[in-house]
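**Q** when you get a sec, could you give me coordinates for this:
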Amino acid sequence: MSKIYYTLTDEAPMLATHSFLPIIQAFAKSADIDIEVPDISLAGRILANFPDHLRDDQRVPDALAALGELAKKPEANIIKLPNISASVNQLEEAIDELQKAGYAVPDYPSEPETEEEIAINRQYAKVLGSAVNPVLREGNSDRRAPKAVKDYAKANPHRMGTWSSDSKTFVAHMESGDFFGTETSTTVTKACKFRIAFYGTDGSERVLKDFAPLKAGEVIDSSVMDLSKLKSFVEEAIAEAKEKDILLSAHLKATMMKVSDPIIFGAIVETYFKDVFEKHADTFEELDINPNFGLAALYEKIKGHPDEAEIKADITKAINDGPRIAMVNSDKGITNFHVSSDVIVDASMAALVRGGGKMWNLNGNEEDAVCIIPDRTYAGFYGAIIEDMQANGAIDPRTFGSVPNVGLMAQKAEEYGSHDKTFQMSAEGKVKVEDESGNVLLEQDVRTGDVFRMCQTKDDPIRDWVALAVRRARLSNTPAIFWLNGDRAHDSQIIRKVEKYLEEENLEGLDIRIMDVTDAVLETLKRAREGKDTISVTGNVLRDYITDMFPILELGTSAKMLSIVPLMNGGSLFETGAGGSAPKHVQQFEEVGYLRWDSLGEFLALQASFEHLAQSAGNKRAGILADALEKANAKFLETNRSPARKLGQIDNRGSHFYLAMYWAEALECQKEDHDLAERFAPVAIALRAHESEINEQLIGAQGEGQDIGGYYYPDSEKTYSAMRPSETLNTIIDGISEGEELAVSGKQ
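**A** Sure thing, here's the model as predicted:
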């Protein structure tokens, strides 16, 4: 029997799975395909990492580790839905929920002191941030908008904000002392081991990371964010925002870059509220207030303190005296500085560009903004887009070309600022990357508070990335541009490898170029405005940023992208778009029983997964299911069956019903497999006959709050009940099996 591994994740995708999974399983069974559902949710990962704290009946397998091993095998066929890239706040909320449910997982020690706390902290480090993707991504990324999706977007263009040439919005970045300016890089010539060690000016020595392997041909980097220069830069950005009378905002990725970016966020918060932190230094030390956790944590910790009113008044005064802060939620008074994970740069900057360069102020009105993106490594990408929009106006989705992406990410390539090679310095000295013989591979001068980071990029993934880019360019007859900056230390190493591996490829008739990031942005936008497609070939972080920015410009959302990861050992990973896990959708569902999550990304990934099984396992029926699902997806778009925007209209569950009906109809009409057509003909007939009744039941379930038994670790039975409220639909779907007649009560 063939297998598809359909991951159970978090928040809105998790809810959607409880509605869509029974449909998938019923249809897949007809092709002798088993759907396994490994739990890689945040709560599931927490439980898997602390078996010794749980009763035998509470322990769960480490599904993520098992999937990571599967990803290295040729039989891998994994559909990965969006999951929480946990911030510290989210981790602590999930821990609290599990503890209240009777799971004795330990508290998270954010500043561990004892050996036990250090050990617990290390275990939780496996859960924090972008913990899932590096484990599963044993291949490089091929992300693009399917033709049916692109055609629909052109025929039904989303709303774009108006850009004017007098827009004051701009990206503020450092000119020195950032990761870009301090980066050093080298290519390892032979396999060895490396460690990261700190050597203090006082003669002290400390191993930050003990010996780990390096492969021959690996590119390794080191860089430092100078905390003092960062704060000076922020002061300048604050002054400029005040002078220009525009909003001030910070755009980081504290979830993926879970070590470095919360520190940078904290430096921005502490600098803006410098007078507050200085005046109340003793109180803040007493309450253990850390600016890295933002205003939300500060407000929580001062609650009930004798100085609470005075501190709040001083914060308000700082905001009134300084430039206005951009808001995350104007109605609730949540600023851009409340929580580091509230403003994720790839999503927030794409929304800003789509919205005409505006962000929200305290009164809920749109204004121009200074966008603080301290590190020049990627700030130029956003700065160039903003300047293009100011010069040429907003794009027109009806005529805009497509920007597929081939992204370098296999085997943890370019995992910056997030994992076990990023540290904040507690003293002045040097950080050295050394091999086992004591040879210094990389070296950085550091001062107290600076952030040091190192990363690795293996040679085989780079070669595979180049080959994938050439293959995609040839298959789609589309120019491809490698976005690489020759002035950047890391990119200069990568350029040499790209040029070498391109020589091994047949490039006849292909337009493949290497361009500086800023030039690549402008060339790609110019071509797209002319209606031409251009493949962007980028490193891991730019891949993340591009695959939100361009889909949101092209389609209005990044959730409708087809994301295929051809795994290097022959399997495939299918990611369901870049839409995040949509916590606001869950809140709405819990309040009024309406789920706005659009599952089109799941539909597209499932189609590609079936196609892969047809080719890799020779499963003919899987191919028929895929062809029928392609027709169903096209009809789904043509008839606009995505969730509506208002309560009382079609939501996620209704979308699943229509997808199931269109899928059954396509199988009913296909001519390749008579038995399969006979099997699904009564299903299609029953779904059509009961369309009104099913819609009444699904929409009738809206309007009331839903109890699913938990946010991070919901009760499965309650969630299925909430997400499958149509008994008529359930009876039809659950009755799909060989030779079974469908008898459904209700209106015909």
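**Q** count of neighbours near residue 332?
**A** 8 (other CB atoms under 10 Å). Every C-beta, even on glycine, is put in place using the N, C-alpha and C of the backbone.
**Q** what about it, which helix or strand?
**A** Following DSSP states H and E, one finds residue 332 outside all helices and strands.
**Q** do the same with residue 249
**A** Per DSSP H and E, residue 249 falls inside strand 247-250.
**Q** and that strand, average pLDDT?
**A** Taken as a whole, strand 247-250 has an average pLDDT of 97.
**Q** after it, next one along is what?
**A** helix 260-272.
**Q** quick one: residues in contact with that next one.
**A** With CB atoms under 8 Å, 6 or more residues apart in numbering as the test, helix 260-272 has contacts from 87-88, 225, 227, 230-231, 234-235, 238, 248, 250, 252-254, 277, 290-295, 318, 322, 325, 337, 340, 372, 374, 416-418, 422, 424, 451, 453.
**Q** now, of those, which are buried?
**A** 87-88, 225, 227, 230-231, 234, 238, 248, 250, 252-254, 277, 290-295, 318, 322, 325, 337, 340, 372, 374, 416-418, 422, 424, 451, 453 (16 or more other CB atoms under 10 Å).
**Q** hang on, residue 194 in a helix?
**A** No. Residue 194 is assigned strand when assessed by DSSP: H, G, I helix; E, B strand; the rest coil, not a helix.
**Q** just the contacts of helix 260-272: which are in helices?
**A** 88, 227, 230, 231, 234, 235, 238, 277, 294, 295, 318 (DSSP state H).
**Q** for the stretch 51-200 of the chain, what spans make up the helices?
**A** Applying DSSP state H, counting those that start in this stretch to the stretch 51-200 of the chain gives helices spanning 63-70, 88-100, 115-125, 133-136, 147-155, 179-182.
**Q** out of those, nearest to residue 608?
**A** Of all those, helix 147-155 sits nearest to residue 608, with 12.9 Å by CB to CB.
**Q** buried stuff in the closest one?
**A** 148, 149, 150, 152, 153, 154.
**Q** could you say what helices and strands it packs with?
**A** helix 540-555, helix 620-638 (3 or more CB pairs under 8 Å, 6 or more residues apart in numbering; DSSP states H and E).
**Q** return the most buried member of the ones you listed.
**A** helix 540-555 (a mean of 25; mean count of other CB atoms under 10 Å).
**Q** hang on, the earlier thing: of the buried residues of helix 147-155, closest to residue 676?
**A** Of those, the one sitting nearest to residue 676 (CB to CB) turns out to be residue 148, at 22.8 Å.
**Q** isn't the closest one right next to residue 635, touching?
**A** No. Using CB atoms under 8 Å as the test, residue 148 is too far from residue 635 to be in contact (9.3 Å).
**Q** joint contacts of these two?
**A** Common neighbours of residue 148 and residue 635 (CB under 8 Å, 6+ apart) do not exist.
**Q** buried residues in stretch 199-209?
**A** In stretch 199-209, counting by 16+ other CB under 10 Å, buried: 208, 209.
**Q** mind starting the numbering at 888 from now?
**A** Got it, the first residue is 888 from now on, which makes the last one we talked about stretch 1086-1096.
**Q** okay, and residue 909 sits in which element?
**A** helix 898-916.
**Q** right, and the helix or strand after that helix?
**A** strand 920-923.
**Q** now the angle from the next helix or strand after that following strand to helix 1002-1012?
**A** Where DSSP H and E defines the elements, the next helix or strand beyond strand 920-923 is helix 929-936. Going by axes from the mean of the first three to the mean of the last three CA atoms, to 10 degrees, helix 929-936 is angled at 130 degrees with respect to helix 1002-1012.
**Q** same for helix 929-936, what does it pack against?
**A** Partner elements for helix 929-936 (3+ CB pairs under 8 Å, 6+ apart): helix 950-957, helix 975-987, helix 1002-1012.
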